[in-house]
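In: just to be clear, the model below is a prediction. Sequence and coordinates:
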Amino acid sequence: MYRLTNGRAVFASGSPFAPLVIGKKTFVPGQANNCYIFPGVGLGVVASQAKTVTDEMFFVAARVLSEQVTPDDLDLGRIFPSLSQIREVSLTIAVAVAKIASDRRLAWIEKPDDMRGLIKSCMYDPTYPQYTR
């Protein structure tokens with residue numbers, strides 16, 4: 001794709017692909033699957049105890065995701081932030097989704113003063129204690 005378009009393509013696939021070097025430029029194909037939108041939407045819905053998941057929540061999730069793409073990402077040929085940023089991406093999306101739920105009176109809980117803090121406290125932490133020496 002990059003060769004066919006002389007490096008003008010922005011490409012994402014459902015599976016990961018290794019970076020590709022063409023001339024002096026490195027392109028990093030994006031991975032366009034459920035790892036960006038659904039975790040953040042789900043987290044926002046669960047944390048706010050939303051009664052309904054709406055199209056508006058998915059729209060705001062897509063907008064928030066697009067706002068997290070940097071010029072460096074685009075320069076590498078990526079249309080999404082690096083997967084190394086996925087926890088922060090999901091948290092930011094979840095906050096926006098929970099605010100929609102609260103603003104539209106779809107949340108079962110009162111809007112907290114610190115929505116980001118509430119959602120962060122709901123996030124799974126994949127850190128495991130060491131029980132052996």
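Out: Thanks, I have the structure now.
In: for the protein, which segments count as helices?
Out: Using DSSP state H, the helices found in the chain span residues 37-48, 55-67, 71-75, 86-103, 115-122.
In: so for residue 31, which of the ones you listed sits nearest?
Out: Nearest to residue 31, of all the helices of the chain, is helix 86-103, at 10.4 Å by CB to CB. All C-beta atoms are positioned from the backbone trio N, CA, C, and that covers glycine.
In: I'd like the helices of the chain laid out as a markdown table, including distance to residue 13.
Out: Output for the helices of the chain, formatted as a markdown table (distance: least, CB to CB, whole Å):
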| stretch | distance to residue 13 |
| --- | --- |
| helix 37-48 | 16 |
| helix 55-67 | 17 |
| helix 71-75 | 16 |
| helix 86-103 | 17 |
| helix 115-122 | 30 |
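In: select, out of the ones you listed, the one closest to residue 11.
Out: Closest to residue 11 of these is helix 71-75 (CB to CB; 11.7 Å).
In: now that closest one: buried residues?
Out: residue 73 (16 or more other CB atoms under 10 Å).
In: same list (the helices of the chain) but as TSV, adding mean pLDDT and distance to residue 22.
Out: Output for these, formatted as TSV (pLDDT from 0 to 100; distance: least, CB to CB, whole Å):
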stretch	mean pLDDT	distance to residue 22
helix 37-48	95	30
helix 55-67	95	26
helix 71-75	87	13
helix 86-103	96	27
helix 115-122	94	40
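In: among those helices, which comes closest to residue 4?
Out: For residue 4, the closest of those is helix 71-75, at 18.6 Å, according to CB to CB.
In: run through who's touching that closest one.
Out: The set of residues external to helix 71-75 that reach it, using CB atoms under 8 Å, 6 or more residues apart in numbering, is 10, 79-82.
In: list buried residues within those.
Out: The neighbour count (16+ other CB under 10 Å) marks 10, 79-81 as buried among these.
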